[in-house]
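Trainee: Below is the sequence, then the predicted model.
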Amino acid sequence: MRAVSLGAVSYLVLSLDFSSGQQAFAQNLPPVTVDAPSQPRARQTNRRPQTSSSRTTRRVAAPALRRVEPVPYVVPSTGALGAPPAPYAGGQVATGSQVGFLGNRGVMNTPFNQVSYTAELMQNQQARTVADVLFNDPSVRSKTPAGNGVDGLYIRGFYYDSGDYAMNGLYGMAPAYSTSANYLDRVEVLKGPGVMLGGMPPAGAIGGSINLVTKRAPDYDITQLTGVYISKSQFGAFIDVARRYGEHKEFGIRFNGGGRGGQTAIDRQTDELGNAVLNMDYRGERARVSVDFGYQAEDLTPPQRFLTFTTSPPFPPPGIPVPPVPRPGTNYMPDWATWKPRDSFAMARAEVDMTDWLTMYAAGGYHRSENNYQYVSPRITNAGGVVGNWSNPALKGFDIFDNYASEIGFRASGHTGPVHHLFTVNYSTFDRDYHTFGRSGGTVNSNLYNPLPIPLPNFTTIVQNLKTQTNMSSVGIADTMSMFGDRLQLVVGARRQTVGADSQNLVNTPPTTSHMDVATWSPGYAIIVKPVENVSLYANYIEGLKLPEIVSGVTTYSNVGEILPPGQTKQMEAGAKVDLGRVTFTGSYFDITAPNATAVFVPGRLPARKLVGEQRNRGIELYTFGELAPWFRVLGGVTFINGEVVSQSYTYPGFGGAIFNYNGKTPVGVSTVNLNIGAEWDTPFVDGLTLTGRVIYTGESYADDANTQVLPAWTRVDLGARYTFLSPWNGKPIVIRAAVENVFNEAYYNSYRTVSSAVSLGAPRTYLVSTTFNF
């Protein structure tokens, strides 16, 4: 099936009518006989006396020359490739985004809460990774440690793994741990589960979905060089080159790449990163093709790892108190720790307009990720009564992912009486081969505040050797019905998802194997009502489906290799959007119920991971973007979340069979109040000078299920400026940017839950400077 699906891409590409450019040119030739030329054109020829014959010749030739100049490329309503939604006023976000297999939809015509951040915003904010971009969103929280090399998030209070990012509509194609921002054109965020729209994400995200769109060549040439500096002593350069060729600019090519390296703002840490991404595209009269090739590599030494807390003694919780937050930039890791991911990916997508009302499409991609690492994940013990003492086994190993993704489908539009239909059908596949291997170097000890010199261990004992295969396929179908000039829109759809998973734990003798093969339906329903043109009221019910989880973590769980069944998430949401032309306000209420995998303790051995709990997050989101005035832009909002553990309890046989019930507690990592608000001001006193600022506030959260380990609320302030002027050499813009993140050097913790509860340190004060030259 993988070969069939991937082959569909090749079939569409090979079957394209590449003569369409010639046909379009033939169709656009001016008429041989000119009858009654328009007056404006006649006036344009009056610059000097001409004979009647010469004037006739010029009238015939001039239109042909004008027609080959770049014009906005237009695709039918059933197409999605080659014409992304335009930027909104202010340029920081787009007017819409791709909503799964429904295609491109404007913000006011989307019955979900979505936002699409632009390349302009990423460049002006000097974003290094996708996580930096998402500091603009109050519904998203970056949770993994700064300097960790992993972009793990919370969306609407649920964990979103870095392996769940989609790229150009395909899951599993983005770098596995952290994606650089320099080669991205859009970061599209859809809040809430969305299996019906795009299928199951590889790591089981349920709070939302993120699609990364790579840069493609626009209608104008780009030759750009950006030099960067990041404290303490990182320097680098990135290039962006784009061209379009052909009589009607049919063929495009764009290259983005570069690197940076040096000492980070974290003590004793160096970071070396490089990437290269090439896009080539074709856009004809009825066909469009886009192909991407990319490579990204990073060497991070030593990486910051998350912190956990010992639960013995006392055991079970409550455990030890959370120690005071270390000084910002403290590096508690040993010098020999390393993190070296390497990612290579290739993708292709094609669309063919079979008729004016029917578009067929296909896409396919391959991504290989290899990561070699050696580190220790500190577990705080406060041993000997010394606050901050930690201990845990060191680990050296590798992770290898081979991901294959494909999809094929069509979008068709038509009418039944007064009702307009956009009918979509999609078939998608995702396959992953995964191998993780690790050796233990024995237990090492140090302190959070006063790191001890730790010699490089001898990694001799094999503690993990797990191979897994995940195979997913799904069929989605949806009908978007519009009436009364799009004032009333209904979306009805469903997806049949099939998941197969196999695992082989090679540590055991003989190896233990597990297998699971399940299928389920995930429906979705939504409605939009526009009482007036610029007001959109919407509601939706949609489900998510968490992947069967293959238990890993040999030092954490006793049932490594066991496959947990998929968990079904359900969301109800209602909201309103108001577009005032230059500024838009959105508000929404959501209610999400999701199953919880957690540890079940057994006597005499490590706990087992089981799908036994349930979590419910209800919240309100308020968001705004655009221009309050031509010289003042705003972006951000506030999210309130009421997170609740509906069903979760542990039985500890070692404590006389005592049952510890956590029902009614706040889930780990969920903050009640989350605020992100930013602004830009074009100053009147210096032409070309823009001042920027952003405030991020995260309310208190808990680091344990019993809610005894409290992490205080924190506030981060970012300030910046940029100055744009014309080059004295070529008259093109030069942009100088400078920013300070975490101006007041706030020290803070974040808490989150992946396979277990963990705590991370926030980033210290960081200085950023860059200069962009255009040639």
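Mentor: Cool, the structure landed.
Trainee: When you work out contacts or count neighbours from here on, use the C-alpha atoms and nothing else.
Mentor: Noted.
Trainee: Name the residues linked to Val492 by a beta bridge.
Mentor: Asp479, Tyr525 (DSSP bridges).
Trainee: Is it in contact with Asp479, as I believe?
Mentor: Yes. Counting by CA atoms under 8 Å, Val492 does reach Asp479; the two are 5.5 Å apart.
Trainee: Which one's more surrounded, these two?
Mentor: Between Val492 and Asp479, counting by other CA atoms under 10 Å, Asp479 is the more crowded of the two (21 against 18).
Trainee: what about the more buried one, distance to Ala287?
Mentor: 24 Å (CA to CA, to the nearest Å).
Trainee: shaky segments in this structure?
Mentor: The model of the chain has pLDDT under 70 over residues 1-72, 310-319, 552-556, 601-603, 649-659, 755.
Trainee: So for it, the centremost residue is which one?
Mentor: Ile210 (3.7 Å; CA atoms, centre = their mean).
Trainee: For the closest residue to it other than its chain neighbours, give the beta-bridge partners.
Mentor: In space, and not counting its chain neighbours, Ile210 is closest to Val189: 4.7 Å by CA to CA, 6 or more residues apart in numbering. Counting by DSSP bridges, Val189 forms beta bridges with Val115, Ile210.
Trainee: One more: Ala597?
Mentor: In beta-bridge terms (that is, DSSP bridges), Ala597 pairs with Leu611.
Trainee: pretty sure Ala217 is touching Lys249, no?
Mentor: No. If you go by CA under 8 Å, Ala217 and Lys249 don't touch, sitting 10.0 Å apart.
Trainee: What ranges does the stretch 401-550 of the chain have for its strands?
Mentor: 419-447, 461-483, 488-505, 512-532, 535-546, 549-550 (DSSP state E, counting those that start in this stretch).
Trainee: Ok, which of those strands comes nearest Ser233?
Mentor: strand 419-447 (26.4 Å; CA to CA).
Trainee: partner strands of that closest one, parallel or antiparallel?
Mentor: Counting by DSSP bridges, the strands paired with strand 419-447 are strand 389-416 (antiparallel), strand 461-483 (antiparallel).
Trainee: Would you mind putting those into JSON lines with distance to Met572 alongside?
Mentor: Shown next, in JSON lines, are the strands paired with strand 419-447 (distance: least, CA to CA, whole Å):
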{"stretch": "strand 389-416", "distance to Met572": "26"}
{"stretch": "strand 461-483", "distance to Met572": "18"}
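Trainee: How are the strands of the stretch 101-250 of the chain distributed by residue range?
Mentor: 104-106, 113-118, 140-142, 153-155, 158-160, 166-167, 170-171, 184-191, 208-214, 222-230, 232-245.
Trainee: helices or strands up against the first one?
Mentor: Read that as strand 104-106. Judged by 3 or more CA pairs under 8 Å, 6 or more residues apart in numbering; DSSP states H and E, the packing partners of strand 104-106 are strand 96-98.
Trainee: what's next to the strand it packs on, contact-wise?
Mentor: With CA atoms under 8 Å, 6 or more residues apart in numbering as the test, strand 96-98 has contacts from Ala80, Pro84, Pro85, Ala86, Asn104, Arg105, Gly106, Val107, Gln114, Val115, Ser116, Glu188.
Trainee: Wait, Pro548 touches Ile563, no?
Mentor: Yes. Pro548 lies in contact with Ile563 (CA under 8 Å); the separation is 6.2 Å.
Trainee: Show me the common contact partners of the two, please.
Mentor: Ala501.
Trainee: host element of Gly257?
Mentor: strand 251-264 (DSSP states H and E).
Trainee: relative to strand 222-230, how tilted is that strand?
Mentor: Here the directions of strand 251-264 and strand 222-230 differ by 10 degrees (axes from the mean of the first three to the mean of the last three CA atoms, to 10 degrees).
Trainee: Neighbouring strands - and their directions - for strand 251-264?
Mentor: Counting by DSSP bridges, the strands paired with strand 251-264 are strand 232-245 (antiparallel), strand 270-283 (antiparallel).
Trainee: May I see the ones you listed organised as JSON lines, with distance to Thr338 and mean neighbour count added?
Mentor: As requested, the strands paired with strand 251-264 are exported to JSON lines (distance: least, CA to CA, whole Å; neighbours: other CA atoms under 10 Å):
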{"stretch": "strand 232-245", "distance to Thr338": "18", "mean neighbour count": "18"}
{"stretch": "strand 270-283", "distance to Thr338": "10", "mean neighbour count": "21"}
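Trainee: Looking at the ones you listed, which is nearest to Val444?
Mentor: If we rank the strands paired with strand 251-264 by CA to CA, the stretch that ends up nearest is strand 270-283, at 22.3 Å.
Trainee: Tabulate the CA atom coordinates of stretch 595-605 in PDB.
Mentor: Output of stretch 595-605 as PDB, limited to C-alpha atoms (Å, rounded to 0.1, in the frame of the first residue of the first chain):
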ATOM      1  CA  PRO A 595      -7.900   9.600  28.300                       C
ATOM      2  CA  ASN A 596      -4.700   9.600  30.400                       C
ATOM      3  CA  ALA A 597      -1.900   7.100  30.400                       C
ATOM      4  CA  THR A 598      -0.200   6.900  33.800                       C
ATOM      5  CA  ALA A 599       1.900   4.800  36.100                       C
ATOM      6  CA  VAL A 600       0.400   1.900  38.000                       C
ATOM      7  CA  PHE A 601       2.600   0.800  40.900                       C
ATOM      8  CA  VAL A 602       3.300  -2.900  41.600                       C
ATOM      9  CA  PRO A 603       5.300  -4.300  44.600                       C
ATOM     10  CA  GLY A 604       8.900  -5.200  44.100                       C
ATOM     11  CA  ARG A 605       9.500  -3.700  40.700                       C
END
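Trainee: Gly561: what's its closest spatial neighbour, skipping adjacent residues?
Mentor: The nearest residue in space to Gly561 (CA to CA, 6+ apart) is Val551, at 5.2 Å.
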